[in-house]
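*Asks:* Generate coordinates for the sequence data below:
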Amino acid sequence: MNEQQQELIDLNAFFIGMIIALILVSVYFLYQYMKFRRAASSQVPEDEIHKILLQNFAYYQALDEQSKHKFVQRVQLFIARKTFIPRMFKIVTSEMKVLIAASAVQLTFGLPDICLQFFKRIIIYPDYYFSTVNNMMHKGEVNPKAQAIVFSWKSFLKGYQDPDDSYNLGLHEMAHALELENLIENEEYDFLHKETWEAFQEEAAKLSELIRENKHDFLRSYAATNEKEFFAVAVENFFERPLTFKHKIPRLYSILVLLLNQDPLKIVAYSGE
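*Replies:* Numbers count the residues shown, from 1 in each chain. I've put the predicted structure just below:
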């Protein structure tokens, strides 16, 4: 092979490399553009979020105007960072996105801007569904393997339609997600105050034993299943029955106030009971 032939081969290789690089760059920018388009199309305008929350969300209704604005922004941020996936129906509505996001924001409103970023997907079924996690019918779950939070929409709505029955699927599943998010090493890692969380766990262990012995009549028996379920059930009662909670279990209530950095009883006109 002479020198001229080698130069030609090198030149061809250079141009092939340039073409491959251009293709890769084009694919990358196309991906980013499509990602931007999907995010833009999934967004809900602030005025629409405000309207939906005023009509359907008692916690939001009780906030002052400055807090309402902050709440709406955090709902919008949560929606932007999730993929909402319908199962057994076709379209996830703005109302679904807003109310599900609002349940997460309600729980985290006293904390830094926590979006539960590990969980990329919100999966919605119209009603009870069959879960392959344990081969049972579910109304909601947190699935770390799929990085998903899953809801029965009918059950989710019921939780907010009856604001003081201590059953709230949205808050329950978001509490599970929050506890897991606190343990996963990412930008939102380790945001729950360690000593306060340990104090909560100590109280949970004591109260779970009383529940199993039928010596406790406030938190439902499901709370004693394990520490994770205790936290989720406690969160439901913290927001739905704060007055009774504080009266019945004052120490645990005070710990949750510190842990979540908010007190439902101090939100103007909102008692949850």
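*Asks:* so the closest residue to R251 other than its chain neighbours is in which element?
*Replies:* The shortest distance from R251 to any residue other than its chain neighbours is 6.2 Å, reached at E203 (Cβ to Cβ, 6 or more residues apart in numbering). C-beta coordinates here come from the backbone N, C-alpha and C atoms, glycine included. Using DSSP states H and E, E203 sits within helix 194-212.
*Asks:* Return that helix as PDB; C-alpha atoms alone will do.
*Replies:* Extracted in PDB, the C-alpha atoms of helix 194-212 (Å, rounded to 0.1, in the frame of the first residue of the first chain):
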ATOM      1  CA  LYS A 194     -32.400  11.600  62.200                       C
ATOM      2  CA  GLU A 195     -33.100  11.900  65.900                       C
ATOM      3  CA  THR A 196     -36.700  12.900  65.300                       C
ATOM      4  CA  TRP A 197     -37.200   9.800  63.100                       C
ATOM      5  CA  GLU A 198     -35.600   7.600  65.800                       C
ATOM      6  CA  ALA A 199     -38.000   9.000  68.300                       C
ATOM      7  CA  PHE A 200     -40.900   8.300  66.000                       C
ATOM      8  CA  GLN A 201     -39.800   4.700  65.600                       C
ATOM      9  CA  GLU A 202     -39.500   4.200  69.400                       C
ATOM     10  CA  GLU A 203     -43.100   5.500  69.800                       C
ATOM     11  CA  ALA A 204     -44.300   3.400  66.900                       C
ATOM     12  CA  ALA A 205     -42.900   0.200  68.500                       C
ATOM     13  CA  LYS A 206     -44.600   0.900  71.800                       C
ATOM     14  CA  LEU A 207     -47.900   1.800  70.300                       C
ATOM     15  CA  SER A 208     -47.800  -1.200  67.900                       C
ATOM     16  CA  GLU A 209     -47.500  -3.500  70.900                       C
ATOM     17  CA  LEU A 210     -50.500  -1.800  72.500                       C
ATOM     18  CA  ILE A 211     -52.500  -2.200  69.300                       C
ATOM     19  CA  ARG A 212     -51.700  -5.900  69.200                       C
END
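*Asks:* Show me where the stretch 151-273 of the chain has its strands.
*Replies:* Using DSSP state E, counting those that start in this stretch, no strands are assigned anywhere in the stretch 151-273 of the chain.
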